[in-house]
Structure formats: C-alpha cells, structure tokens
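Participant: Sharing a sequence plus its predicted fold:
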Amino acid sequence: MFQPISIFIGLRYSRSRSNTGFVSFITFFSIVGILLGVASLITVVSVMNGFEGELKKRILGIIPQVVVSQKDNRQFESWTNLRATLLQQPHVIQVTPLLETEALIQSENSLQGVLLQGIIPQYEVDNIINNNMVSGSLESLSSKPYSLVLGQTLAIKLNLVLGDSVRIVLPNKTVFTPMGRIPVQRLFNVTGIFNVGSQVDDSIIYVHSKYGAKILRRKGDGINQLRLYLDDAFNAKKVALSLQKNKPIEHSLEFITWNESQGAFFSAVNMEKKMMWLMLSLIVAVAAFNIVSALVMVVIEKQGEIGILQTLGLSRSGIVKIFITQGMVNGLWGVGLGSICGILLTYNLNTLLAIFSVSVFGAGYSAQTLPVQLELINVLIIMLSALFMSFIATLYPAYQASKTQPAEVLRNE
C-alpha cells in the first residue's frame, strides 16, 4: 500500500528496536502511563455518572421536580383540568396531585418531625415509592381509612411494624377544646413500609389525601399542589420558565423547582465530578508528555539519519511529520489499550470488588454495589482528549528535529 514517505519512516522508527534501552524504557512507561490514566478516567467517570443517576432517581423521584401551586396556597377547586393541561406540556411525562404539610409522628417510644404528603394512590403507580415497597402497599391507603406508609429507616427509629398505630400531630394546626387550644392530632395505622435508600426514608410519610384533608380541616381531597414528573429532572428550570410565560388556565399559579431545595447538594456533586475529571486528566497529560522525553532522545539518536534525509530532499515539514507519526503511534497504543481496559474494568468493577472482598460503603453495606453508568460520549471525549495531548507532546521534539543542520551533523559522520 502506498504511504507518504514521512509516515512510512515514522512507522518504521516506532517499530525499530535499535533504540537504546533507556529510550525504550521511557517510551514503554509513557504508553503505560497513558493506558492507566485513560482506564482510570473512564472507570471513575462511569462511577460518578452512576452516582449522579442514582441520586436523580432516589432523591428526585420523591422530592417534587416542579411543584405547581397557587400564590396564596389555596386548595385547587378543579385540579383535574389543570393536570390535563400540564400533561400536554413539553418534557412533562406525569402529573400527580399532592397535599403537603409539616407534622410530628409519635409512637410509644419516640417522636419525630416529618413531612406529611397526602396522595391519591391511583396516580402513583409508577412512583419510586410504589416500586420499592418492603412490606404492604400504597394501594392500602385507599382501602383502609386513616392508613399510613412510611420509610424503613423511620420505622426502625420508631420501632414500628405493619399494623401498629401511630399518632400524627399537626403543630401548626390547632383546635379549641375544654382543655384549651391543642394541636390537631389523629391515630393512623401503618399499612406500608418502603426503602428507597436515601435520606427521605426517615423524613416523609404518606397518607391518602382525603384523610390528610380531614385532619387539616379542608374540603374534599384537599389538593393544593400538583407535582410534575419530567423526562429529565434537570429540565425543571426550563419547564418552570415555559409555564410561567404561558400561565395555563389560571394566572395565580406558582412554579417551584427542586433546585430551590436540593440545588446546592447537586451543585456540590457536579463540582466533585468536574474536579475528578480535572485531576485524572492531569494524570493523562503527565503520561502523554513523557512522549516528549522519549522523542527528544530519539531525535538526538537519529541526528545522522535526519541529516541524510534532508540531503536527499526531505523538507522540514516532512521531518516534523516523521516524529509526529512516531509519537502518535505511542499515543494510539496507550489510548487504545487504556480504553479497552477501562471499559472492561467498568463492567466488571463490582465483580472484582467482590472477589477481593472490598466494601466501598463500609462493613454494614457489604451487599450494596457501586452504581456504574458507562456513556459512549464520555469514552469518546476521553480518547480524543488523550490523543490531542499526545499530539501536542510531539510538536516540540518534531520541531527540534526539523532544525537539524545537515552540514554540521554529517561533518563528523
């Protein structure tokens, strides 16, 4: 096959075994350095993507992504019509009615503050809570009056099991009695326990909205919020801005996104992810720039051959191409092998951790595995970035080689 002379010679130099042992040693470790850096970057970024995806699913699956309410927090008179309109908006895949208030939950042994959410189970079929029930079900909220579903962590703290009775106290809602003004309270039966695996397991309880409305002294189902589920939780701001401009049905609506309650937490996670990108990219850069040392020594070793090639008519740009080719071959080996190792390591990471009995989450969480989400776009970005760093590393040695003066070099040959 026909090849340009510069590329042909560069490939011959890269395969040549006539280099000194020290040059071969530096070349080998520059390839290994790129390999390890690329493999590490692919693996760590995949784990960070997995953690971000789990946070989105476990936290944003429960915490409303966009909440629609009225400015004075009044109860919706006809939320079904508004729900139908909201379902037609871009990025909105589900809309569920919600009643929400702060409450205290009291068992025989303990008392804790929680967020009480009144829901209508028929709209929560695909809810993450419904898919992570440990015992009981969300449907029991409809079939059993004054029933309650809570997280497993909260149930353990309060020493509760299915069938137990707990007292729900509304500290912000009081009534007059012969004993004076006291908080509204009511006994509920535990009919379901869920375990999502996040901090909401001990901070949120669920009741049917009509029973929540009764203890809040509201009419009907008491719905005063609509919760929007989106195709991507990070579209929340865009959806809220669009709804604020259109103002469907009513003009007194407020749109609150999850960014206001959980934005700082996810910003910290995003910052950590970017810092991991930066640190591991620097490792790849250091490994790539080892190519500079190897090529500089090759240029010194090949001075005589460079002079001969120039006397035979090879231009300076041709000399530059020779050493860029040789350096890029090393870079391609490192990036190619590193990508293969990184992908294999990513897919088998949990298996390897299990084989070596390594528990990332600690002794009490040995059954949990690292969430891994390998994305092709990230692999391509890592590969192209490493190749670009390798290319930059070849420029200085190649330029120095092109400055070789044939007369001076060949004088002593």
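Facilitator: Alright, I've got the coordinates.

Participant: Do a quick rundown of the strands in the stretch 201-350 of the chain.
Facilitator: 204-208, 225-230, 253-257 (DSSP state E, counting those that start in this stretch).

Participant: now for the first one, which elements pack on it?
Facilitator: Pointing back at strand 204-208 there. Judged by 3 or more Cβ pairs under 8 Å, 6 or more residues apart in numbering; DSSP states H and E, the packing partners of strand 204-208 are strand 111-119, helix 140-143, strand 147-151. Where you see a C-beta, it was placed from the backbone N, CA and C, and this is true even at glycine.

Participant: repeat for the second one
Facilitator: Strand 225-230 sits against strand 66-70, helix 79-87, strand 92-106, helix 236-246, with contacts defined as 3+ Cβ pairs under 8 Å, 6+ apart.

Participant: hey, least reliable of the strands of the stretch 201-350 of the chain by pLDDT?
Facilitator: Least confident of those, judged by mean pLDDT, is strand 253-257 with a mean of 83.

Participant: Determine the number of other residues adjacent to G222.
Facilitator: 22 (other Cβ atoms under 10 Å).

Participant: Let me know the pLDDT of it.
Facilitator: Model confidence at G222, expressed as pLDDT, equals 86.

Participant: Per the annotation, how does the protein divide into domains?
Facilitator: For the chain, whose domains are defined here by automatic domain parsing, the residue ranges read 5-57+266-410, 66-257.

Participant: Just want the most central residue of this structure.
Facilitator: The residue at the geometric middle of the chain, judged as the C-alpha nearest the mean C-alpha position with Cα atoms, centre = their mean, is E52 (2.2 Å).

Participant: so how far is Q152 from it?
Facilitator: Shown here: E52 relative to Q152, a distance of 24 Å by Cβ to Cβ, to the nearest Å.

Participant: got it, and F289?
Facilitator: For F289, the distance to Q152 equals 52 Å [Cβ to Cβ].

Participant: Equivalent analysis for S390, please.
Facilitator: For S390, the distance to Q152 (Cβ to Cβ) stands at 51 Å.

Participant: Looking only at neighbour counts, state which of those two leads.
Facilitator: Set S390 next to Q152 and count neighbours by other Cβ under 10 Å: S390 wins out with 28 against 19.

Participant: That one is in contact with N330, isn't it?
Facilitator: Yes. The criterion here is Cβ atoms under 8 Å, and S390 meets it with N330 at 7.1 Å.

Participant: OK, contacts around K403?
Facilitator: Taking Cβ atoms under 8 Å, 6 or more residues apart in numbering as the definition of contact, the neighbours of K403 are R316.

Participant: got it, and F188?
Facilitator: By Cβ under 8 Å, 6+ apart, the contact set of F188 is 146-148, 165-168, 207, 211.
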